[in-house]
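> Got a predicted model here, sequence first, then my questions.
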Amino acid sequence: MGRFPKKSGREVLGTHERLPAWIAKEKTSLSQLHDLKVGLRESHLHTVCEEARCPNRTHCFSHGTATFLLLGDVCTRACGFCSIKNGKPLLLDPHEPEDTASRVEAMGLRYAVLTSVNRDDLPDGGSAQFAETIRAIRRRCPRVSVEVLIPDFMGDLEAVAAVVQAGPVVLNHNVETVPSLYSIVRPAGRFERSLSVLQKAKRLGRDIFGDDFKTKSGLMLGLGENRQELIEVFQKLRSVGVDILTLGQYLRPTRYQLPVARYVPPEEFESLAKTAKDLGFLTVYAGPLVRSSFNAFEVSQQDGIAIL
């Protein structure tokens, strides 16, 4: 069973909530963290690592990696788990694709991850900006592989196709939680809509790029779901051809987001990962601090189960 390096230390959230002993983070170099942040600010770019207060952000920054947040830093939705600002976004930055490619080159990345806020105000949901950013990275850094974590584009399958055709090696769209919790976790989302996005991406990507193209999805645990609901979601994700599954603990970013219903112990993550693998996923990455873009390159190369 593959395992990624364990972490050490304790994570302290903005809520000052005491966490179980099994939830930890590693120490980081503040100078490295500062240098990377300065580079991003000079490029007028954002990372989901900071905007969503990811518990792994110091690990990723200190290792010279980041998940770039496209389409601005203001979201048109207000999901119950997310700390990204919501409201009326600014106009798209026409320089964002080239600026992102330039930063990927400057950071010396081998694997770039692109995600975004939801932009329901745009006719294509921002899919053209996604596609152009992928192409810009491929032009400037032809050896860099690109993974995307896309919104649902309000179910616009032409928008999904535009992103797939640009050539990411992995297309991720997170269903986030079980359908019974959508009304509080993803009130503007629809579970079946997300399945259709993943199905379209898989069919088109396989037709264009063959088996090298993979789809991915992830869920947060500890929001009030039960095991049977999770297994049913696993089955539905496999039914639309999803290759990679990530499972992580929901951690409340600030006091303004949903409270944690339960902290899921590591042995339960391992049990769920085994169940999911038996259903046919190529790779299952599971553990309290797993996030969909964390160790994205290693996960894309893994065949089997990895427990963090």
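Noted; the coordinates are in hand.

> Which residue ranges of this protein form helices?
30-42, 48-51, 57-62, 96-107, 127-140, 157-165, 182-185, 191-209, 227-239, 266-278, 296-301 (DSSP state H).

> any idea which of these scores lowest on pLDDT?
Ranked on mean pLDDT, the bottom entry among the helices of the chain is helix 48-51, at a mean of 48.

> Show me what Gln249 bridges to in the sheet.
Beta bridges link Gln249 to Leu221 when assigned by DSSP bridges.

> Asn204 reaches Val164, doesn't it?
Quick fix: residue 204 is Leu, not Asn. Yes: assessed by CB atoms under 8 Å, Leu204 is found in contact with Val164 at 4.9 Å. C-beta here means a position set from N, CA and C on the backbone, and glycine is covered the same way.

> So between the two, which is more surrounded?
Between Leu204 and Val164, counting by other CB atoms under 10 Å, Val164 is the more crowded of the two (27 against 18).

> So that one versus Glu298, what's the distance?
Going from Val164 to Glu298 by CB to CB, to the nearest Å gives 23 Å.

> cool, Leu279 as well?
22 Å.

> for Gly304, same thing?
12 Å.

> now Arg186
From Arg186 to Glu298 the distance is 28 Å (CB to CB).

> For the two, indicate the residue with more neighbours.
Neighbours were counted for Arg186 and for Glu298 using other CB under 10 Å; Arg186 has more, 22 against 14.

> quick one: the more buried one and Ser180 touch, right?
No: using CB under 8 Å, Arg186 is not in contact with Ser180, being 11.6 Å away.

> what's the neighbour count on Cys79?
Neighbours of Cys79 using other CB under 10 Å come to 21.

> Would you mind listing the residues in contact with it?
Residues near Cys79 by CB atoms under 8 Å, 6 or more residues apart in numbering: Glu176, Val185, Arg186, Pro187, Ala188, Gly189.

> which residues does Tyr250 contact?
In this structure, Tyr250 makes contact with Phe81, Met220, Leu221, Gly222, Leu223, Leu258, Val260, judged by CB under 8 Å, 6+ apart.

> so can I have TSV of those showing neighbour count and pLDDT?
TSV is the format used below for the contacts of Tyr250 (neighbours: other CB atoms under 10 Å; pLDDT from 0 to 100):
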residue	neighbour count	pLDDT
Phe81	19	95
Met220	25	97
Leu221	25	98
Gly222	19	98
Leu223	21	98
Leu258	19	97
Val260	20	97
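
> Return the distance of stretch 121-141 from the chain's centre.
Relative to the centre of its chain, stretch 121-141 is centred 17 Å away, using CA atoms, centre = their mean, to the nearest Å.

> Just the CA trace of it, in CSV.
Output in CSV follows, covering the C-alpha atoms of stretch 121-141 (Å, rounded to 0.1, in the frame of the first residue of the first chain):
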residue,chain,number,x,y,z
ASP,A,121,-22.1,35.6,-14.2
LEU,A,122,-20.1,34.6,-17.4
PRO,A,123,-21.8,33.0,-20.4
ASP,A,124,-19.3,30.1,-20.5
GLY,A,125,-18.6,30.0,-16.7
GLY,A,126,-15.0,31.0,-17.5
SER,A,127,-14.2,27.8,-19.5
ALA,A,128,-12.4,29.8,-22.3
GLN,A,129,-10.0,31.3,-19.7
PHE,A,130,-9.3,27.8,-18.3
ALA,A,131,-8.6,26.5,-21.8
GLU,A,132,-6.3,29.5,-22.8
THR,A,133,-4.4,29.1,-19.5
ILE,A,134,-3.7,25.4,-20.2
ARG,A,135,-2.6,26.3,-23.8
ALA,A,136,-0.4,29.2,-22.4
ILE,A,137,1.4,26.8,-20.0
ARG,A,138,1.9,24.2,-22.7
ARG,A,139,3.4,26.8,-25.0
ARG,A,140,5.8,28.2,-22.4
CYS,A,141,6.5,25.0,-20.5
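
> How about it, which residues are buried there?
122, 124-138, 141 (16 or more other CB atoms under 10 Å).

> Count the neighbours of the closest residue to Val233 other than its chain neighbours for me.
Spatially, and ignoring its direct neighbours in sequence, Val233 is nearest to Val178 (5.6 Å; CB to CB, 6 or more residues apart in numbering). Using other CB under 10 Å, Val178 has 21 neighbouring residues.
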